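>>> no sequence on this one, just coordinates:
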């Protein structure tokens, strides 16, 4: 008797709690399906970081390109001596002197910097492809999370309906036994069924809370996010599918059916964002490996330097200029170029394996 009373008390308490949930939940931010996906692409940290990586790679292109473009540097020097420096009555160094000059350096032949510029552009294309793949993954994960919340809400509704029916069954069995018509076995079975449904409902409510939290994380919200609507479904009786028909008609609009396996595999290798990103990484790695020769190529630079010297000296007039052509030949660098060549070969092999893995997955 005590067990029955305790069970009835717990049942009533849980029922009141669940009734409160059914009547109206606490205010919670809601998002539509399209809104959740768009918001995730704008605020999800993974997608934002991928976009910033594209911007960073574009900035690196500008940094690397600067080594292949002319540079202009200006310099000014003011010198104060305690007195003029004389030699045979002539001033060879004035007490106050001002020297101004500018240096223009133009890389005339620079294979190494040119290849580095090209590799930086390859890296931008690789980062763009990677960002597209990341956005695809974020969009898919957000769509699945949104649908998971919607499905879990339906499960909660079904479980709550079963709990209400089980409670009514228990109350009916209890009333029958109190009236001397029923028996203890029927009441115990009804009580067990009610307890099971209540436990299942509590579990589904916990699952719903987790699903909302997961959706909130994906869309970059400050808390759990709930669904605001349901996906559009075909009207009852209007969706048809004919056996042997190459198309499926939904809402009287034809759409393509599933393609053959070979065609699907071929399309996946051409269109999937992860495969394209892997192909771009492999292309960039192979390009860098092919350009190992640039590390051994000489560099030719032109330097032009106008100057202003006031007062002029015995060896330097008031104004003038000088020009130079500098040839740099890399002879020995301690093995740096050999290590870089091996690193590029390893990166190329890694990229090739990554593409093969992406193709297998596709």
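Nice, I can see it. The model shown is predicted, which means the values in this text are computed figures rather than measured ones.
>>> Could you pull out the strands in the stretch 251-362 of the chain for me?
253-256, 299-310, 319-328 (DSSP state E, counting those that start in this stretch).
>>> Which among those is found nearest to residue 104?
Nearest of the strands of the stretch 251-362 of the chain to residue 104, taken as Cβ to Cβ: strand 299-310 at 4.5 Å. Yep, even glycine has a C-beta here, placed from its N, CA and C like the rest.
>>> Mind listing residues that contact the closest one?
With Cβ atoms under 8 Å, 6 or more residues apart in numbering as the test, strand 299-310 has contacts from 97-113, 316-328.
>>> Generate a PyMOL selection restricted to the buried entries among those residues.
In PyMOL syntax, the buried subset of these is picked out as below (16 or more other Cβ atoms under 10 Å):
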select buried, resi 97+101+103+105+107+110+111+112+113
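>>> In CSV, list the strands of the stretch 251-362 of the chain along with mean pLDDT and distance to residue 213.
What follows is those, written out as CSV (pLDDT from 0 to 100; distance: least, Cβ to Cβ, whole Å):
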stretch, mean pLDDT, distance to residue 213
strand 253-256, 49, 35
strand 299-310, 93, 58
strand 319-328, 93, 60
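>>> quick one: which of these is nearest residue 84?
Closest among the strands of the stretch 251-362 of the chain, once you apply Cβ to Cβ, is strand 299-310, at 14.1 Å.
>>> Also compute the angle for the closest one relative to strand 319-328, please.
160 degrees (axes from the mean of the first three to the mean of the last three Cα atoms, to 10 degrees).
>>> which parts of strand 299-310 are buried?
299, 301, 305, 307, 308, 309.
>>> could the strands of the stretch 251-362 of the chain go into CSV alongside distance to residue 123?
Below are those laid out as CSV (distance: least, Cβ to Cβ, whole Å):
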stretch, distance to residue 123
strand 253-256, 37
strand 299-310, 23
strand 319-328, 26
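>>> Among those, which comes closest to residue 155?
strand 253-256 (29.1 Å).
>>> ok so, going back, name the nearest of the buried residues of strand 299-310 relative to residue 282.
residue 299 (29.5 Å).
>>> Could you report the separation of the closest one from residue 325?
Applying Cβ to Cβ, to the nearest Å, the value for residue 299 to residue 325 is 11 Å.
>>> which residues touch stretch 210-220?
28-29, 31, 36, 39-40, 42-45, 138, 141-142, 145-146, 148-149, 152, 221-226.
>>> what do you get for stretch 316-331?
Here stretch 316-331 has contacts from 108, 295-296, 298-312, 337, using Cβ under 8 Å, 6+ apart.
>>> And stretch 75-88, by the same measure?
91-103, 314.
>>> Figure out the length between the terminal residues of that stretch.
End-to-end distance for stretch 75-88: 32 Å, by Cα to Cα, to the nearest Å.
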